[in-house]
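Visitor: Build me a model from this:
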Amino acid sequence: MSRALLAPIRLGAIEAPNRILMAPLTRGRSDPGSIPNAMMVEHYRQRAGAGLILSEATGISIEGLGWPAAPGIWNDAQVEGWKPVTEAVHKAGGRIMLQMWHMGRLVHPDFLGGAGPVSASATTGPGHAWTPTGRKDYEQARALRLDEIPRVIDDYGLAAQNAKAAGFDGVQLHGANGYLIDQFLRNGTNMRDDAYGGSPENRVRLMQEVMERLIAVWGADRVAIRLSPNGESQGADDSDPPSIFGEAARVLQALDVAFIELREPGPDGTFGQTDVPKQSSLIRSLYAGPLVLNSDYDAAGAEADVAAGRCDAVSFGRPYISNPDLAERIAAEAEWSPNIDAPKSWYSPGPAGYIDYPTMDQPLAAAAD
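Guide: Model prediction:
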């Protein structure tokens, strides 16, 4: 084994000691008001051995957040809640970026005081939303007006400034999984006939303008993006993925962003199809910066793809739920703990299934002490 995963890597301005990243993991443990709490401090501190932690998806505004007990970054109380998290990660020797989230049409009106969600076009997400009062059908979004788009970009800009005040090492734009940016990218959800719709060059415009705003706050070397270019994702799809995601890669190359993270689901992947052509080779041919792949990896598969040059690092999601010391386990070639309570404990309140998983040398009962 070449141990390529254990080699250090520079991700923009961030010097990561290994190529084992912690992928964003929505876990629904925030306090009322979308405020991070002490339990979240411990969760992230436990996982500081990752080369880089990508935080759980974090709402940039009330309008953009439609997940119970997910954190936000739009006000001072949330900033203060995040500060102990970043301080704990840094004290433990880690690095952490904030993932910035606007869910678009996947925000149920229950989160918005009864107002409808916004999207690229007047469409409705498939399936059900999780709301504070149970599962409910998604409702039709309204198309963002041209005069509203600058306000959405301003929301991203304020959130980026707040992330800096909270002590993060950078920000990642959530452009994947059928959320707002993805809804603008794909022609299955973007039926606009203005400057933000139609051609691939127009459909990438919101992504580009948001990235430019984040770069104005952080610098390009501390701004990254997550994309999911492989098939349908929460009802968002495109008739010609190479066209739109190739254009996105060209824009991101010109912006010289810190890295791109791509979801490439395997047979048991979430958020969409798994049997479609992968776009990572195309994006790698157009974007010269670090490429991070995610979804359904084990250690051997991740090692093989990094060693072969298919990607520069791998982000692990579900394995980091039950293995707070995943990077250390990979380095020691140790067995991984199974996530035996999944998915029951993923979004349940309290410490069980969140901060009580043991490390390699720790008995189960001691994990949350």
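Visitor: how long is stretch 8-17 from one end to the other?
Guide: Across stretch 8-17, the terminal residues are separated by 4 Å (CA to CA, to the nearest Å).
Visitor: who's in contact with that stretch?
Guide: 18-19, 51-52, 95, 97, 169-170, 219-224, 257-259, 289-290, 312-313 (CB atoms under 8 Å, 6 or more residues apart in numbering). C-beta coordinates here come from the backbone N, C-alpha and C atoms, glycine included.
Visitor: Among the residues you listed, name the buried ones.
Guide: 18-19, 51-52, 95, 97, 169-170, 220-224, 257-259, 289-290, 312-313 (16 or more other CB atoms under 10 Å).
Visitor: Which of those residues fall in helices?
Guide: Using DSSP state H, no member of the buried ones among the contacts of stretch 8-17 sits in helices.
Visitor: Can you give me the pLDDT of L262?
Guide: Looking at L262, its pLDDT reads 97.
Visitor: Could you verify that it is part of a helix?
Guide: No - per DSSP: H, G, I helix; E, B strand; the rest coil, L262 lies outside any helix segment and is strand.
Visitor: what residues are up against it?
Guide: By CB under 8 Å, 6+ apart, the contact set of L262 is 226-230, 279-280, 283, 291-294.
Visitor: Tell me which entries of these lie within strands.
Guide: Counting by DSSP state E, these place 226-227, 291-294 in strands.
Visitor: Run through the helices of this structure in chain order.
Guide: Going by DSSP H, the chain shows helices at 38-46, 76-91, 149-165, 180-185, 200-203, 205-218, 241-255, 280-286, 299-307, 318-322, 326-332.
Visitor: Thought A224 was touching L252, still the case?
Guide: No - using CB atoms under 8 Å, L252 makes no contact with A224, being 9.3 Å away.
Visitor: Check the nearest residue to I215 once chain neighbours are set aside and give its pLDDT.
Guide: Nearest residue to I215, sequence neighbours excluded (CB to CB, 6 or more residues apart in numbering): V223, at 5.2 Å. pLDDT, V223: 98.
Visitor: before we move on, what about D296?
Guide: At D296, pLDDT is 89.
Visitor: how much space between it and P319?
Guide: 10 Å (CB to CB, to the nearest Å).
Visitor: which one of the two has more residues nearby?
Guide: Higher neighbour count among D296 and P319: P319, with 22 against 18, using other CB atoms under 10 Å.
Visitor: list the contacts for the nearest residue to that one once chain neighbours are set aside?
Guide: Leaving aside its chain neighbours, P319 sits nearest to L326 (5.4 Å; criterion: CB to CB, 6+ apart). L326 sits next to 20, 22, 47, 49-50, 316, 319-320, 336 when contact means CB under 8 Å, 6+ apart.
Visitor: run the last query once more with 6 Å
Guide: By CB atoms under 6 Å, 6 or more residues apart in numbering, L326 lies in contact with 316, 319-320.
Visitor: My guess is H108 contacts G127. True?
Guide: No - if you go by CB atoms under 6 Å, H108 and G127 don't touch, sitting 11.4 Å apart.
Visitor: Of those two, give the one with the bigger neighbour count.
Guide: Neighbour tally, H108 and G127, criterion other CB under 10 Å: the higher count belongs to H108, 24 against 10.
Visitor: Now the more buried one. Nearest residue, chain neighbours left out?
Guide: A129 (3.9 Å).
Visitor: ok, what's across the strand from the one you found?
Guide: K136 (DSSP bridges).
Visitor: how many other residues sit next to it?
Guide: A129, neighbours per other CB under 10 Å, totals 22.
Visitor: Quick one: end-to-end distance for stretch 81-101.
Guide: End-to-end distance for stretch 81-101: 17 Å, by CA to CA.
Visitor: So what touches that stretch?
Guide: Contacts for stretch 81-101 (CB under 6 Å, 6+ apart): 14, 24, 35-36, 40-41, 44-45, 48, 52-55, 57-60, 159, 163, 166-174.
Visitor: ditto for stretch 208-227
Guide: 12-13, 153, 156-157, 160-161, 170-176, 251, 255-262.
Visitor: So which bits of that stretch are buried?
Guide: Result for stretch 208-227 [16+ other CB under 10 Å]: buried residues 208-211, 213-215, 217-218, 220-227.
Visitor: now could you export just the CA positions of that stretch as CSV?
Guide: Taking C-alpha atoms only, stretch 208-227 is exported to CSV below (Å, rounded to 0.1, in the frame of the first residue of the first chain):
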residue,chain,number,x,y,z
GLN,A,208,-20.1,32.3,-10.3
GLU,A,209,-21.5,35.5,-8.8
VAL,A,210,-21.8,33.8,-5.3
MET,A,211,-18.3,32.4,-5.6
GLU,A,212,-17.0,35.9,-6.5
ARG,A,213,-18.6,37.3,-3.4
LEU,A,214,-17.1,34.7,-1.2
ILE,A,215,-13.7,35.3,-2.8
ALA,A,216,-14.1,39.0,-2.1
VAL,A,217,-14.4,38.1,1.6
TRP,A,218,-12.0,35.3,1.9
GLY,A,219,-9.6,35.2,-1.1
ALA,A,220,-9.9,32.4,-3.7
ASP,A,221,-7.5,30.2,-1.8
ARG,A,222,-9.9,29.8,1.1
VAL,A,223,-13.1,29.2,-1.0
ALA,A,224,-14.2,25.8,-2.3
ILE,A,225,-17.4,24.3,-3.7
ARG,A,226,-19.2,21.0,-3.6
LEU,A,227,-21.0,19.7,-6.8
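Visitor: and the strand with the most length in the chain, average pLDDT?
Guide: Longest strand in the chain by number of residues (criterion: DSSP E): strand 52-59. Mean pLDDT, strand 52-59: 98.
Visitor: got the angle for that strand vs helix 76-91?
Guide: Going by axes from the mean of the first three to the mean of the last three CA atoms, to 10 degrees, strand 52-59 is angled at 170 degrees with respect to helix 76-91.
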